[in-house]
Structure formats: structure tokens, C-alpha cells
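Peer 1: quick one: sequence and predicted model below, then my questions.
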Amino acid sequence: MNARKIAIALLSITLIACSESDVSFETIMSSDHRTSDQVRDQYRKPNVTLEFFDVQPNHTVVEIWPGGGWYTRILAPYLKDKGQLYAAHFDKDSSVEFFKRSRRSFEQDLQELADVYGNVTVTTFHPPEQVDIAPAGSADRVLTFRNVHNWYMRGGGDEKVLAAFKAFYKTLKPGGLLGVVDHRLPEDMPAEAMNASGYMHQSYVIAMAERAGFKLLEASELNANPADTADHPKGVWTLPPNLRLGEEDKEKYQSIGESDRMTLKFVKPE
């Protein structure tokens, strides 16, 4: 039995032991199945972020564009016994090779971690065309981590962003919450910087969510990084973990850490 299978077996035993009292985010975060993920915990703060979004073990949660499954490896075990996770991923038939490769890798992880993940349903999300991410009015939480800039930048602008938020609104139950994390562009920097930098004005994200019908409940600074000036040569990808400049000024960007991020909590009104 290889090391990953042993880790999966051990986590399964832990989840069974904790099933009556509900396993905590911290227990899952320290599990061996996410050893390679843990280096980023200091920047992404998943436990406090998910607590801020008030994710409960009996919830139906939709994770938008989970990519390689970094958050899925926390959410799926957490929701396994009492909840339901929908992973609204890239189109498996996309013309973009990165999208197809990412979806294949994610589904392979689902198979390898089946005993840990449990109840995960994969759907397709590609606004504005493919937006049926889960049954209408079924979700307690919709969560999107560092994705709004992608919809904005990939030739969609307001149209794709608004279509995304409208899909989230449709999917949530009345009173359900939308959690958004994304790279934050300082408000005094021009909006044109959103076209290619990967950073977004927080005011823009709030405005688009409100156009879709949401109400902002709270904006948190828990994922803030005051050291990030958001004006780097290769945009947000200049910083870790991408470090697009390679060895050039590597120590400088490593010392900054990952990006300054907005963390926004919206509600679909009752």
C-alpha cells in the first residue's frame, strides 16, 4: 500500500471516529492527504475563511471552479457524512486544453480519494452559457475562491461576471450565503488594471453581486496582505506560488507572500 493510500485509510478512520461530533476543519487540514497543500494554509487561512462563511457539516455547498481541488480536499471530507458538495468545474469538452486537463485531474482525485470525499457531484460551469451548477434553490452556500478575475479577463467583462452571480443567486436557497475571495486591486488604481493583472476592485465585485440580487453582509480582512502593492510586472502571478519572473527578484516577491485578497459574504434575501 503506497503512502497516499495509507493516508486515506487513516483519515477515513478519523472521520468515522468523529462522525457523531462532526469533524473540524483543523482536523482535516492536518491530515496526510493534503500534506502538499499545507504550505499554503498560512496564506489562504481555510479554516477561518470557511468559518467566516459559516459552512456547516449538514450543508449543501457548491464550490465554483475548484481547479486542482485545494479547497475540495477540505470541504469534501467535512461534508461527507451529513452534507452534499457540488463541484462546478470546467467544461470537460472545452477548447482550452488547461480546462480539460484540470477537469481530468480533478476527477482522478475524486476516484483516488473516494473513501474520504464521499458525496461529491461534479457539474459544469462556463458563464454565460453553462450555468446549471446545482438544482435551483438547493444550496446553503456557494463559494468561489479567486475566480471573479478569470471571468472578467477572459473576454467577458461585466457579462460573464453578472451571469456568474445570477447563477449563484438562482442556486442558493433564500437566506443562503455566497462567499467570494479574490485578489484585491486598490480602489485608487485605475479600473483598466483589472483587464490583465488578476486583481479586482472590491467595489466592483460588490456592485456586480448586488446587481444579481445579493446583499452584502460583511467584508472581512482575514485574507488581507498589506505588503502587496498589486502593481507587479506580471500581475498577481508575479507573487507566490507562481513567481512568473523566475529567479528575478525572487526573494523580494517571496517576502511579500501571496496576494492581498478581499473576503466578501453575501446573502440571498429571504
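Peer 2: Thanks, I have the structure now.
Peer 1: only the buried residues of stretch 118-127, if you could.
Peer 2: Applying a neighbour-count criterion of 16 or more other C-beta atoms under 10 Å, the buried positions in stretch 118-127 are 118, 120, 124-127. Glycine gets a C-beta too; all of them are placed from N, C-alpha and C.
Peer 1: can you pull out the strands in the protein?
Peer 2: Defined through DSSP state E, the strands belonging to the chain, from first to last, are 60-64, 84-89, 120-124, 139-145, 172-185, 200-201, 215-220, 261-267.
Peer 1: residues near Glu218, how many?
Peer 2: 10 (other C-beta atoms under 10 Å).
Peer 1: contacts only, for it.
Peer 2: Glu218 makes contact with 52, 264-265, according to C-beta atoms under 8 Å, 6 or more residues apart in numbering.
Peer 1: of the residues you listed - the most surrounded one?
Peer 2: The most crowded member of those is Leu264, carrying 24 neighbours; neighbours defined as other C-beta under 10 Å.
Peer 1: ok, that residue - contacts?
Peer 2: 179-181, 202, 205-206, 209, 216, 218-220.
Peer 1: was I right about Leu143 contacting His59?
Peer 2: No: counting by C-beta atoms under 8 Å, Leu143 sits too far from His59 to count as a contact (10.4 Å).
Peer 1: more neighbours: which of the two?
Peer 2: The residue with the greater number of neighbours, taking Leu143 and His59 and applying other C-beta under 10 Å, is Leu143; the counts read 24 against 20.
Peer 1: any chance of the strands of the chain in TSV, with mean pLDDT and distance to Ala114 too?
Peer 2: Output for the strands of the chain, formatted as TSV (pLDDT from 0 to 100; distance: least, C-beta to C-beta, whole Å):
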stretch	mean pLDDT	distance to Ala114
strand 60-64	98	17
strand 84-89	98	13
strand 120-124	97	9
strand 139-145	98	22
strand 172-185	98	26
strand 200-201	98	36
strand 215-220	98	34
strand 261-267	98	31
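Peer 1: who's in contact with Gly83?
Peer 2: For Gly83, the contacting residues are 56-61, 119, taking C-beta under 8 Å, 6+ apart as the criterion.
Peer 1: any chance of the contacts of Glu218 in TSV, plus distance to Asp37?
Peer 2: Output for the contacts of Glu218, formatted as TSV (distance: C-beta to C-beta, whole Å):
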residue	distance to Asp37
Phe52	19
Leu264	23
Lys265	23
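Peer 1: let me know the closest of the residues you listed to Glu97.
Peer 2: Leu264 (31.5 Å; C-beta to C-beta).
Peer 1: quick revisit: out of the contacts of Glu218, which is nearest to Phe90?
Peer 2: Distance to Phe90 across those (C-beta to C-beta) is lowest for Leu264, with 23.3 Å.
Peer 1: list the buried residues of stretch 201-212.
Peer 2: Buried residues in stretch 201-212, counting neighbours by 16+ other C-beta under 10 Å, are found at 201-202, 204-206, 208-209, 212.
Peer 1: export it to PDB, keeping only CA atoms.
Peer 2: The C-alpha trace of stretch 201-212 is given here as PDB (Å, rounded to 0.1, in the frame of the first residue of the first chain):
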ATOM      1  CA  HIS A 201     -11.700  46.400  -7.300                       C
ATOM      2  CA  GLN A 202     -13.600  45.200  -4.300                       C
ATOM      3  CA  SER A 203     -16.300  47.900  -5.000                       C
ATOM      4  CA  TYR A 204     -16.800  46.300  -8.500                       C
ATOM      5  CA  VAL A 205     -17.300  42.800  -7.100                       C
ATOM      6  CA  ILE A 206     -19.800  44.100  -4.600                       C
ATOM      7  CA  ALA A 207     -21.700  46.100  -7.200                       C
ATOM      8  CA  MET A 208     -22.000  43.100  -9.600                       C
ATOM      9  CA  ALA A 209     -23.200  40.800  -6.800                       C
ATOM     10  CA  GLU A 210     -25.800  43.400  -5.800                       C
ATOM     11  CA  ARG A 211     -26.900  43.700  -9.400                       C
ATOM     12  CA  ALA A 212     -27.700  40.000  -9.300                       C
END
